[in-house]
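> pasted the sequence and its predicted model underneath.
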Amino acid sequence: PRAHSYEKYNSLETIQAWMSTMASTNAALVSKQVIGTSFEGRSIELLKIGKKTSTTKPAIFLDCGIHAREWVSPAFCQWFIKEAVSTYGADSQMTSLLDQMDVYVLPVINVDGYVHTFTTDRLWRKTRSRRAGTSCIGADPNRNFDAGWCTLGASSNPCSDTYCGSSPESEVEVKAVADFIRKNKATIKAYLTIHSYSQLLLFPYSYTYNLCKDHSELLSVAEGAASALRSLYNTRYTSGPGAATIYPAAGGSDDWAYDLGVKYSYTFELRDTGRYGFLLPESQIKPTCQETMLAVKYIAAHVQKNL
Ligand SMILES: NCCCCC[C@@H](C[SeH])C(=O)O
Ligand SMILES: [Zn+2]
Ligand SMILES: [Zn+2]
């Protein structure tokens with residue numbers, strides 16, 4: 001496979017080979033887990049990063065690549081992994097984070113869709129599942145979680161890009177993530193899911209306009225994270241609850257994780273605001289990832305303070 005680069009949009013094959021290498025060459029901090037198999041039979045893999053201890057540590061779950069065309073999202077998860085292993089022991093905050101917590105990083109959830117954007121349709125969004133009764137393919141994985149499922153901001157038309165699926169967790173990729181988080185819900189304290197584009201830092205709820213019980217705290221943390229992000233290149237993010245800040249959207253992973261009890265649940269919409277959109281040039285991967293690291297570390301620090 002093509003050589004891996006943190007400043008390129010790597011193919012799935014390259015990413016998964018790189019993940020194995022990261023785990024084998026950083027065995028003290030990193031281990032790889034396969035959490036499921038996609039509709040088309042590809043493995044869904046995550047890296048667990050953190051100082052290995054005998055006891056179970058509290059954790060942060062970070063996922064990328066749930067929507068296939070949002071290529072800067074998997075690039076960020078790869079960048080996060082690199083930063084974690086390369087600054088552990090040198091950066092005091094990263095060292096404290098990985099000593100006290102574990103971070104699960106899932107670079108590409110929608111593996112079939114991601115491959116499809118490399119081979120066939122660059123702007124594909126959904127999974128690639130086939131179902132009887134329609135020639136249209138896939139469901140929107142961010143409408144397929146069991147959170148106000150298919151009530152608003154989603155479509156029951158299998159040909160729609162926001163098709164909610166035949167039932168909650170009908171998409172095997174969604175069920176794999178949901179099963180993993182359910183299994184580890186006692187330790188997972190934060191859920192961060194990375195998308196593009198629009199430059200937004202969103203939190204529950206998107207399935208209702210009602211404010212979640214932790215609204216004021218989640219908003220103040222989001223605003224702090226957005227200002228940390230802005231400090232590097234003056235990139236401006238808007239923070240707020242999903243429904244009012246972007247649009248109503250039921251069945252989202254963030255709302256589902258929040259209602260499961262994961263209080264610090266955020267959806268990032270990374271660069272840009274529409275000039276390039278999903279086709280963000282590779283030249284912007286580094287600055288986007290650098291500034292996003294500041295926001296993620298801000299949130300992680302708040303989570304640590306509230307353990
Ligand atoms: N849980 C929904 C958060 C707000 C919408 C996020 C965007 C990312 Se492309 C979407 O899923 O349409
Ligand atoms: Zn998305
Ligand atoms: Zn988006």
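Received the coordinates, thanks. Ligands and ions are numbered 1, 2, ... in the order given.
> got the CA coordinates for whichever strand or helix holds Gly224 in PDB?
Using DSSP states H and E, the secondary-structure element containing Gly224 is helix 215-233. Listed next in PDB are the C-alpha coordinates belonging to helix 215-233 (Å, rounded to 0.1, in the frame of the first residue of the first chain):
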ATOM      1  CA  HIS A 215     -26.500  22.300  28.800                       C
ATOM      2  CA  SER A 216     -24.700  25.200  30.600                       C
ATOM      3  CA  GLU A 217     -21.600  23.100  31.500                       C
ATOM      4  CA  LEU A 218     -21.400  21.600  28.000                       C
ATOM      5  CA  LEU A 219     -21.800  25.000  26.400                       C
ATOM      6  CA  SER A 220     -19.100  26.600  28.600                       C
ATOM      7  CA  VAL A 221     -16.700  23.800  27.900                       C
ATOM      8  CA  ALA A 222     -17.400  24.000  24.200                       C
ATOM      9  CA  GLU A 223     -16.800  27.700  24.200                       C
ATOM     10  CA  GLY A 224     -13.500  27.300  26.000                       C
ATOM     11  CA  ALA A 225     -12.500  24.600  23.500                       C
ATOM     12  CA  ALA A 226     -13.400  26.800  20.600                       C
ATOM     13  CA  SER A 227     -11.400  29.700  21.900                       C
ATOM     14  CA  ALA A 228      -8.400  27.400  22.500                       C
ATOM     15  CA  LEU A 229      -8.800  26.200  18.900                       C
ATOM     16  CA  ARG A 230      -9.000  29.800  17.700                       C
ATOM     17  CA  SER A 231      -5.800  30.800  19.400                       C
ATOM     18  CA  LEU A 232      -3.600  29.000  16.800                       C
ATOM     19  CA  TYR A 233      -4.800  30.200  13.400                       C
END
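> beyond it, next helix or strand please.
Counting by DSSP H and E, the next helix or strand C-terminal to helix 215-233 is strand 238-241.
> what does that following strand contact?
Contacts with strand 238-241, where a contact means C-beta atoms under 8 Å, 6 or more residues apart in numbering, come from 199-206, 209, 211-212, 215, 219, 222-223, 225-226, 245. Placement of C-beta: from N, CA and C, glycine included.
> need the buried ones from those selected in ChimeraX.
Command for ChimeraX that selects the buried part of the contacts of strand 238-241, burial taken from 16 or more other C-beta atoms under 10 Å:
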select :199,200,201,202,203,204,205,206,212,219,222,223,225,226,245
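> and the residue of the stretch 101-250 of the chain found nearest ligand 3, which of the three is it?
The minimum distance from the stretch 101-250 of the chain to ligand 3, using C-beta to the ion, falls at His195 (4.2 Å). Of the three states, His195 takes strand under DSSP: H, G, I helix; E, B strand; the rest coil.
> what sits against it?
With contact set as C-beta under 8 Å, 6+ apart, His195 has these partners: Ile66, His67, Glu70, Ser73, Asn142, Thr267, Phe268, Glu269, Leu270.
> could I get the buried residue list for stretch 265-280?
Using 16+ other C-beta under 10 Å as the burial criterion, the residues of stretch 265-280 that qualify are Ser265, Tyr266, Thr267, Phe268, Glu269, Leu270, Arg271, Asp272, Phe278, Leu280.
> and the gap between the fifth one and ligand 1?
Read it as Glu269. Applying C-beta to the nearest ligand atom, to the nearest Å, one obtains 6 Å for the distance of Glu269 from ligand 1.
> that residue belongs to a strand?
Yes. Counting by three-state DSSP, one finds Glu269 located in a strand.
> nearest residue to Trp79 in space, please, no chain neighbours.
Nearest non-adjacent residue to Trp79, counting by C-beta to C-beta, 6 or more residues apart in numbering: Cys289, 3.7 Å away.
> nothing else from me, thank you.
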